[in-house]
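>>> Starting from these lines, generate the structure:
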Amino acid sequence: MGFVRNRLAGRFPVLTRMGDVVLVAGVALRFANRRGLISDDMAAKFGAPSSSGGSGLSVSEMALAGAAALRLLKGAQKRRT
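As a prediction, the model looks like this:
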């Protein structure tokens, strides 16, 4: 995994950022849908699965989204300074 990441991330850093944004946005969309902040119809427009009867976020999904969010924050801080 490290081999693929180093090779692709080194040549195309925007792909890493885009992947992180998509991952974090997907988890946020599922969370908002399950909490009732947005309707099922609006979530379906963005491509999220229906929340009725579905399972919650797994630990691995939360860990991946958390790591992606931290990478995005570190990158934003680096670009600011």
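
>>> Around residue 47, how many other residues sit close by?
Residue 47 is surrounded by 8 other residues when neighbours are defined as other CB atoms under 10 Å. (C-beta placed from N, C-alpha, C; glycine too.)

>>> Contact partners for residue 24?
When contacts are counted by CB atoms under 8 Å, 6 or more residues apart in numbering, residue 24 touches 65, 68-69, 72.

>>> what about it, which helix or strand?
When secondary structure is defined using DSSP states H and E, the element that contains residue 24 is helix 13-35.

>>> same for whatever helix or strand comes next after that helix, what does it pack against?
Going down the chain from helix 13-35, the next helix or strand is helix 40-45, by DSSP H and E. When contacts are defined as 3 or more CB pairs under 8 Å, 6 or more residues apart in numbering; DSSP states H and E, helix 40-45 packs onto helix 13-35.

>>> Report the rounded mean pLDDT for the helix it packs on.
Confidence over helix 13-35 (mean pLDDT, whole number) is 85.

>>> you'd agree residue 29 is up against residue 42?
No: in terms of CB atoms under 8 Å, residue 29 does not count as a neighbour of residue 42; the distance is 9.2 Å.

>>> Looking at the two, which one has more neighbours?
When residue 29 is set against residue 42 and neighbours are counted by other CB under 10 Å, the residue ahead is residue 29, at 18 against 13.

>>> and the gap between that one and residue 77?
Separation of residue 29 from residue 77 (CB to CB, to the nearest Å) stands at 25 Å.

>>> same thing with residue 26?
Using CB to CB, one gets 23 Å for the distance from residue 26 to residue 77.

>>> Same check on residue 67?
Taken as CB to CB, the spacing of residue 67 relative to residue 77 amounts to 16 Å.

>>> so what's the closest residue to residue 48 other than its chain neighbours up against?
With sequence-adjacent residues excluded and distances taken as CB to CB, 6 or more residues apart in numbering, residue 48 is closest to residue 29, at 4.8 Å. Residue 29 sits next to 38, 43, 46, 48 when contact means CB under 8 Å, 6+ apart.
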